[in-house]
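K.L.:
predicted model and sequence follow; I will ask about them next.
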2 protein chains.
Amino acid sequence: MTLDPAAAFHEHDHGACAASALEQAETICAQNGVRLTPVRRRTLEILLEEHRAMGAYDVLAKLAEAGFGKQPPVAYRALDFLVEQGLAHRIRRLNAFTACTRPGDAHAPVFLICTNCDAVAEAPGGEVRRALDTAAGEIGFSVTRANVEAVGLCPACGDAA
Amino acid sequence: MTLDPAAAFHEHDHGACAASALEQAETICAQNGVRLTPVRRRTLEILLEEHRAMGAYDVLAKLAEAGFGKQPPVAYRALDFLVEQGLAHRIRRLNAFTACTRPGDAHAPVFLICTNCDAVAEAPGGEVRRALDTAAGEIGFSVTRANVEAVGLCPACGDAA
DNA sequence: TCCGACTGTGTTATAGTGTTACGCGAGCGT
DNA sequence: ACGCTCGCGTAACACTATAACACAGTCGGA
């Protein structure tokens, strides 16, 4: 998938973008010795269909359409798996999940959520993470995981306003 | 309330710490032309009783004990009010709320959540916010609100491990 | 004084999100 | 075949949050 963090905010070859992400997912699962089973793969495809965060129950509905189980645990298990493998992220502010824009790239995700069009982009979080570690370090706190969720206006919606 | 962001992680005069926060809350509400009604005040007191995040239903139970209504909206309305006035924060990762450690101080809150003892501290987020604005600015995104939730080990629990 | 408009609190009911517990079958090594 | 683990499925439930409505108090103006 493209490394352009703003991909979510403008037109691009989304078919290729999704296909490439799936391919990377295969590789990563193989490396990690875990299986990208049909449900899991389909779940990732569903998330990749849009650069938007999807609720677990939205995903579940689509899984059910595809002939998989229709009870919540089916979706949650697949989503948790993807999150664990770094192939997707959970966005708690939205009670939702989104495909990772840069799988395999160990990163501190920073989510930019457009309040107008609901697109979600994943910005490089290196600097943010560094600042966070510093602030935490000053009071003796050691950060193991962090997640940054910012809401605002994406370029397109900002221009329109 | 003390400005020491690590207050949550060590012994301190919590009675004074809470009393001072309540006093500031009165002032801020007066300034903003809004009313710190009994339910709202009691809700803030409840949050101040511990440096931990509390679920809405925990707060609700305590409100009910104090003779207020016992239906969810009672708690949610009071909590929403406090959040709006900057007197409390919502921590989505925990589906919980916590009193603001530095009310009135316009700040980008950064929460440090200890996975061992569940204490929640609020670190100064100036630098983090700056880094975030930079990262977002590079792709044309303008951030209106951000919230940073980091999990890890607080000083005490880190030492113990 | 009376009449609205507004705000705040309370209620019931319901929607949305997430988890626990259990059974079954496929694959795998012995 | 046996027992093991893992993934998938189910039902049932627990937790979190909101919608919709009723009623009392307050305040300003006709």
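P.N.:
Perfect, thanks for sending it.
K.L.:
need the longest helix for chain A.
P.N.:
Ranked by residue count under DSSP state H, the longest helix found in chain A is helix A:14-32.
K.L.:
wait, is A:Thr98 part of a strand?
P.N.:
Yes - remark: A:Thr98 belongs to a strand, assigned using DSSP: H, G, I helix; E, B strand; the rest coil.
K.L.:
neighbours of A:Asp105, how many?
P.N.:
Applying other C-beta atoms under 10 Å in any protein chain shown, we find 11 residues neighbouring A:Asp105. From N, CA and C alone the C-beta is placed, and that goes for glycine too.
K.L.:
I meant to write A:Pro155 there.
P.N.:
Residues lying near A:Pro155 (other C-beta under 10 Å) number 16.
K.L.:
give me the nearest residue to it, chain neighbours excluded.
P.N.:
Of all residues not flanking A:Pro155 in the chain, B:Gly140 sits nearest, at 3.5 Å (C-beta to C-beta, 6 or more residues apart in numbering or on different chains).
K.L.:
hmm, that neighbour is touching A:Gly158, no?
P.N.:
Yes - under the criterion of C-beta atoms under 8 Å, B:Gly140 is in contact with A:Gly158, at a separation of 7.0 Å.
K.L.:
the helices in chain A, which residues?
P.N.:
Using DSSP H, the helices of chain A run over A:14-32, A:38-48, A:56-65, A:72-84, A:126-138, A:155-160.
K.L.:
can the fourth one be found next to chain B?
P.N.:
It stands for helix A:72-84. No - Helix A:72-84 does not reach chain B (C-beta under 8 Å from any C-beta of the partner chain); its nearest approach is 13.2 Å.
K.L.:
does anything pack onto that helix? Which helices or strands?
P.N.:
Where contact means 3 or more C-beta pairs under 8 Å, 6 or more residues apart in numbering or on different chains; DSSP states H and E, helix A:72-84 is packed against helix A:38-48, helix A:56-65, strand A:88-91, strand A:96-99.
K.L.:
the last one vs DNA strand D: in contact?
P.N.:
No - contact of strand A:96-99 with DNA strand D is not found when judged by C-beta under 7 Å from any atom of the strand; the minimum separation is 13.3 Å.
K.L.:
buried ones in that strand?
P.N.:
Using 16 or more other C-beta atoms under 10 Å in any protein chain shown as the test for burial, strand A:96-99 gives A:Ala96, A:Phe97, A:Thr98, A:Ala99.
K.L.:
how far away is the closest residue to A:Asn116 other than its chain neighbours from B:Ala66?
P.N.:
Nearest non-adjacent residue to A:Asn116, counting by C-beta to C-beta, 6+ apart: A:Cys157, 3.8 Å away. Using C-beta to C-beta, to the nearest Å, one gets 44 Å for the distance from A:Cys157 to B:Ala66.
K.L.:
residues from chain A in reach of chain B?
P.N.:
Counting by C-beta under 8 Å from any C-beta, chain A sits next to chain B at A:5-6, A:9, A:92-93, A:110, A:112, A:114-115, A:121, A:123-125, A:127-128, A:130-132, A:134-136, A:138-155, A:158.
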